[in-house]
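**Student:** Here's a sequence, model it:
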Amino acid sequence: MNPTVVAVNISAVKGTPKTPVEAIEVRCNHGAVGDAHAGPGIRQISLLGIESIENFKRFKQGAEGLCEGKFAENITTRGIVLWELPVGTRMRVGTALLEVSQIGKKCHADQGCEIAKKYGICAMPKEGIFAVVIEDGVIRAGDEIRLLS
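**Tutor:** Numbers count the residues shown, from 1 in each chain. Prediction:
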């Protein structure tokens, strides 16, 4: 089975969980249109696997209700181990072309990560990745993820 997009998510305010939407439009050197984290830089789009979310829920008491977007990821994936992709890997997602720009991140629980504040840990810092938009496009749940390099 090919890797796929489970959900696409945006939020209007930084530091808040993202909400699943039908589709996101992504723009070169910007990220997801309408998302609080959009803009130039190396963290235009965030990705996290549904497997990481499900694993987190298994091991953290009270986390059963967590779902897509709650870790502030723009794209929730299935069937790909994101943190094993080398920086520079390109992938076609929907009609967009993304390039992996960063693996994981420093947790900033003291500054507003709701997951880490509540559970003492978050999956995003070790298992999430970031990408830049190389070619504009639209991404929807159900879209295939095709690795190009």
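
**Student:** If we ignore the residues flanking it in sequence, what's nearest the residue nearest the centre of the chain?
**Tutor:** Residue closest to the mean C-alpha point of the chain, counted by CA atoms, centre = their mean, is residue 47 at 2.1 Å. Distance criterion CB to CB, 6 or more residues apart in numbering; nearest residue to residue 47, sequence neighbours excluded, is residue 75 at 4.6 Å. C-betas here are computed from N, CA, C, even on glycine.

**Student:** thinking again about what came up before, continuing past the helix or strand hosting the residue nearest to the centre of the chain, what's the next helix or strand?
**Tutor:** Assigned by DSSP states H and E, residue 47 belongs to strand 45-49. Once the chain leaves strand 45-49, the next helix or strand it forms, by DSSP H and E, is helix 50-59.

**Student:** Sheet-wise, list the partners of the helix or strand just after that next one with their directions.
**Tutor:** Toward the C-terminus, helix 50-59 is succeeded by strand 75-78 as the next helix or strand (DSSP H and E). Here strand 75-78 has these sheet partners by DSSP bridges: strand 4-10 (antiparallel), strand 45-49 (parallel).
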